[in-house]
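Asker: quick check, what structure comes out for this input:
(chains A and B)
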Amino acid sequence: MNQVASVASSAAPANSITASALRRHTLWDAVLKHGTRSAAITVLLLLGGVIVTLIEGSWLSLSTFGPGFLTTEKWNPVSEEFGALAPIYGTLLTSLIAMLIGIPISIGIAIFLTELCPPRLKRSISTAIELLAGIPSIIYGIWGLFVLAPFLQAHVQPVMISTFAGVPLLGGLFAGPPYGIGIFTAGIILSIMVLPYITSVTRDVFETVPPTLKESAYALGCTTWEVVRQVVLPFTSTGVIGGIMLGLGRALGETMAVTFVIGNAHRISGSLLAPGTTISASIANEFTEAETELYTSSLISLGLLLFLITFTVLAIARFMLLRLQRKAGR
Amino acid sequence: MRFPRAALLPSLIASLLALAACSKSTPSATEVAAGDKDISGAGSTFFYPIASKWADTYKKETGTGLNYQSIGSGGGIKQIKSKTVTFGASDKPLSVDELNEAGLIQFPAIIGGVIPVVNLEGITPGQLVLDGKTLAAIFVGDIKKWDDAAIKALNPEATLPAADIAIVHRSDGSGTTFLFTDYLSKVEPSWKTRVGANSAVEWPAGIGAKGNEGVAGVVKQTAASIGYVEYAYAKQNAMSHVRMINQAGKAVEPGIESFQAAAANADWAAAPGMNLVLTDAVGDASWPITGAVFVFFHKQPAQPENLASAIKFFDWAYTKGSAEAVALDYVPMPDAVTALVRQLWKTSLTDSAGQPLYR
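Answerer: Next up, the predicted model:
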């Protein structure tokens, strides 16, 4: 704009200046429009390309094994019989454990930050949570293997095994030798990793609650817990669920940290303390050395399955966020 | 909530950057292969430490660099077949049919060994003795306790605890697993039918850890455990190794002498395409779980000058690389075998005019 003004104040005829400035504007507008549009289309092309590649790559395996691929536990690279049941089971179970531990802690942190925390502390806790999200997953893996797993093995798992021994159901869930690594440990690591995601979204939506609502509730004599329970959570429930879904998406796809601590066994065991595997851990472990086409194709099929699972989760999250936006706009 | 819209721009930029990075990296890789006369190779992660050590010294002596991508044996085989590298390296040899189909030759470059390691209270390194059949029974889950009669029979003097055996194996596909399972398949027929030999197998029992360092780590922190790692890891981590009873019935210590004995006692000349896995080798002093890294060349490469410099590199490594190999706990090839390999280069590698590339 400044340029236009300075050019306009010079001695040249007014008409031509306006025309050239206009041309320049139109040109830049066109460049910006087409540039940004092609950038946006690139994303669509990338996504489409990924989907096509996944389907093409998994075709051999899916046509060989059919729907049985989803229901077979066997995973034998020697005889080339592959089934995805154990990785699917491990993926869903570790994510479930992560959510069971991660959600209450995350929501607790968010409540503390928005309702109870002194402002000075608020900033440092928020920063700490964001830093937690920035730690590379391999570091979580190494920490899990060398610090958390030996600790669980020596102090936590023996107690769990002896406490629940003989109890129906629970006894089976916490049975077996305390290896330290396994489905349970992977779930704990994942719960730490999803914590920052759920916490920051939850905290943000808690802050969208109009202060008048909360103050009215306090004025009626509500305790903080009652305000959270009766006012904040109902007002923000869809947003909180959206945040949980984001965390779940992360937990479902996490690879490196899980690979280190899950024990990588293609088996389904009744016990949570037993080793298992997840979809992404199987792919990371075996892809480099998968020599035959059927083996590679089966791993890509696993990738396709994970894509479908996370896509569903993220679609639900988007839907929840959309509903929240509408609600906030009203 | 402005979340979705705000997130769009950074992710766009990130994806464009990723795209740009992708399109950039491919031509530069080929430039290196074609222009600077650097040798390009890919494959076995086991080969990587010695390959980079040799590359370093070779660059200083000759000015020719080596760009070795440690992407795994399977990847190495794929890359050499698709001709994106000058040589591929794998812990597992290819069959003669596969070699002919892809127009490749293979030769052993360096030897390593796989060592069973244990974490048992009261057992000193090298004290425990096992044979192949017992090892197979442990890893298949038939022998469950350390004081099992079969283990006691081999170790009459050791005090073995009544503890459950915790089995640790590799979770990632690896040449180490291939050598280990190949050996067990050779000595125990039921292993062959129940598990088989491959770089990844369906383990009937135990927990999987990623990489040699993962197995070493889990064995170290799990009491009453057994696992298997490459020799260098067992030695450098001072792990409690197991002495194995070889085909000749002798208990041998793992080490450079016993690996080299296995390689020297093998009849390479009689193996078509040098397709020979050294496990369960004959000879009194042979370590039974020994294996070589195999390097693949194209018989008639598209760029003969690249292969010529790769041949020079391996020729140099055979002649001058031994001390560095030993320093990194690898075992250099015995002279009798390198003579055979040089003969193979002379007879089978030609440029497009049919002239031999190595004389």
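
Asker: tell me where the model's unsure across the chain.
Answerer: Unless you meant another one, I'm taking chain A. Applying pLDDT under 70 to chain A picks out residues A:1-17, A:324, A:327-330.

Asker: that's the wrong chain, I meant chain B
Answerer: Using pLDDT under 70, the flagged stretches of chain B are B:1-36.

Asker: ok, the closest residue to chain A within it - how many residues close by?
Answerer: Across chain B, no residue is closer to chain A than B:G173, which sits at 2.6 Å (C-beta to the nearest C-beta). Yep, even glycine has a C-beta here, placed from its N, CA and C like the rest. For B:G173, the count of nearby residues is 24 (other C-beta atoms under 10 Å in any protein chain shown).

Asker: is it true that it touches B:S90?
Answerer: No: the pair B:G173 / B:S90 is not scored as a contact, 11.6 Å apart, by C-beta atoms under 8 Å.

Asker: what do those two both touch?
Answerer: Residues touching both B:G173 and B:S90 (C-beta atoms under 8 Å, 6 or more residues apart in numbering or on different chains): B:G74.

Asker: on that earlier part again, and the closest residue to the residue of chain B closest to chain A other than its chain neighbours, what does it touch?
Answerer: Distances taken as C-beta to C-beta, 6 or more residues apart in numbering or on different chains put A:E289 closest to B:G173, at 2.6 Å, once the chain neighbours are dropped. Residues in contact with A:E289 (C-beta under 8 Å, 6+ apart) are B:72-75, B:172-174, B:199-200.

Asker: still on that earlier bit, what sits against the residue of chain B closest to chain A?
Answerer: Taking C-beta under 8 Å, 6+ apart as the test, what B:G173 contacts is A:77, A:285-286, A:288-290, B:72, B:74, B:199-200.

Asker: return the subset of these lying in helices.
Answerer: Those of the contacts of B:G173 mapping onto helices are A:285-286, B:74, per DSSP state H.

Asker: which of the helices or strands spans the residue nearest the centre of chain A?
Answerer: Central residue of chain A (C-alpha atoms, centre = their mean): A:R250, 1.7 Å from the mean position. Element membership for A:R250 (DSSP states H and E) is helix A:233-253.

Asker: what packs against the helix or strand following that helix?
Answerer: Heading C-terminal from helix A:233-253, the first helix or strand you meet, by DSSP H and E, is helix A:256-261. Applying 3 or more C-beta pairs under 8 Å, 6 or more residues apart in numbering or on different chains; DSSP states H and E, one finds that helix A:256-261 makes contact with helix A:137-143, helix A:183-206, helix A:279-286.

Asker: right, and those helices - which one's nearest A:H25?
Answerer: Closest approach to A:H25 among those is made by helix A:183-206 (37.8 Å; C-beta to C-beta).

Asker: ok, residues contacting whatever helix or strand comes next after that closest one?
Answerer: Later in the chain than helix A:183-206, the nearest helix or strand by DSSP H and E is helix A:211-219. Helix A:211-219 is contacted by residues A:226-227, A:230-232, A:235 when judged by C-beta under 8 Å, 6+ apart.

Asker: now with 6 Å?
Answerer: A:227, A:231 (C-beta atoms under 6 Å, 6 or more residues apart in numbering or on different chains).

Asker: for the next helix or strand after it, which outside residues touch it?
Answerer: Going down the chain from helix A:211-219, the next helix or strand is helix A:224-227, by DSSP H and E. Helix A:224-227 is contacted by residues A:115, A:214, A:217 when judged by C-beta under 6 Å, 6+ apart.

Asker: now for the second one, how many residues are close by?
Answerer: Put plainly, it is A:K214. So A:K214, with other C-beta under 10 Å, has 20 neighbours.

Asker: same check, this time on the first one
Answerer: By the other C-beta under 10 Å criterion, the neighbourhood of A:E115 contains 15 residues.

Asker: ok, it - contacts?
Answerer: By C-beta under 6 Å, 6+ apart, A:E115 lies in contact with A:T224.

Asker: SS state for it?
Answerer: At A:E115 the chain is in helix, as set by DSSP: H, G, I helix; E, B strand; the rest coil.

Asker: just to revisit the earlier point, who wins for most neighbours among the contacts of B:G173?
Answerer: Busiest of those [other C-beta under 10 Å] is A:E289, holding 30 neighbours.

Asker: distance of it from B:V293?
Answerer: According to C-beta to C-beta, to the nearest Å, A:E289 and B:V293 sit 14 Å apart.

Asker: ok so, going back, pick out the most distant pair among the contacts of B:G173.
Answerer: Farthest-apart pair in the contacts of B:G173 is A:P77 and B:G72; separation 13.9 Å (C-beta to C-beta).

Asker: okay, and the common contacts of these two?
Answerer: Counting by C-beta under 6 Å, 6+ apart, nothing touches both A:P77 and B:G72.

Asker: in the stretch 101-250 of chain A, what residue comes closest to chain B?
Answerer: Closest point on the stretch 101-250 of chain A to chain B, by C-beta to the nearest C-beta, is A:P150, at 4.9 Å.

Asker: circling back: got a markdown table for the contacts of B:G173, with distance to A:L96 too?
Answerer: As requested, the contacts of B:G173 are exported to a markdown table (distance: C-beta to C-beta, whole Å):
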| residue | distance to A:L96 |
| --- | --- |
| A:P77 | 28 |
| A:N285 | 22 |
| A:E286 | 24 |
| A:T288 | 29 |
| A:E289 | 30 |
| A:A290 | 29 |
| B:G72 | 32 |
| B:G74 | 33 |
| B:S199 | 32 |
| B:A200 | 27 |
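
Asker: nearest to B:A223, of these?
Answerer: A:N285 (25.4 Å).

Asker: so that closest one sits against B:D172, correct?
Answerer: Yes: counting by C-beta atoms under 6 Å, A:N285 does reach B:D172; the two are 4.3 Å apart.

Asker: can you count the residues close to the nearest residue to B:E98 once chain neighbours are set aside?
Answerer: Nearest non-adjacent residue to B:E98, counting by C-beta to C-beta, 6+ apart: B:L104, 7.9 Å away. As a burial measure, B:L104 scores 21 neighbours (other C-beta under 10 Å).

Asker: for B:L104, name its beta-bridge partners.
Answerer: Legend: beta-bridge partners of B:L104 under DSSP bridges are B:H298.

Asker: and the gap between it and B:G175?
Answerer: From B:L104 to B:G175 the distance is 18 Å (C-beta to C-beta).

Asker: what parts of the stretch 101-250 of chain A come near chain B?
Answerer: A:150, A:177, A:179 (C-beta under 6 Å from any C-beta of the partner chain).

Asker: among those, who's most crowded?
Answerer: Ranking those using other C-beta under 10 Å puts A:Y179 first, with 24 neighbours.

Asker: three-state assignment of that one?
Answerer: coil.

Asker: which residues touch it?
Answerer: With C-beta under 6 Å, 6+ apart, A:Y179 has these contacts: B:I207.

Asker: neighbours around the residue in the stretch 51-200 of chain A positioned nearest to chain B, how many?
Answerer: Here the residue of the stretch 51-200 of chain A nearest chain B is A:V78; by C-beta to the nearest C-beta that distance is 3.3 Å. A:V78 has 17 neighbouring residues, counting by other C-beta under 10 Å.

Asker: what sits closest to it if chain neighbours are left out?
Answerer: Nearest in space to A:V78, with sequence neighbours left out and distances taken as C-beta to C-beta, 6+ apart, is B:G196 at 3.3 Å.

Asker: quick check, that neighbour in a strand?
Answerer: No: secondary structure of B:G196 (three-state DSSP): coil, not part of a strand.

Asker: need phi/psi at it.
Answerer: phi 90, psi -180 (degrees, to the nearest 10).

Asker: over to the spatially closest residue to A:P177 that is not a sequence neighbour: give its phi and psi.
Answerer: Leaving aside its sequence neighbours, A:P177 sits nearest to B:D164 (C-beta to C-beta, 6+ apart; 5.9 Å). Note on B:D164: backbone dihedrals following degrees, to the nearest 10 are phi -70, psi 140.
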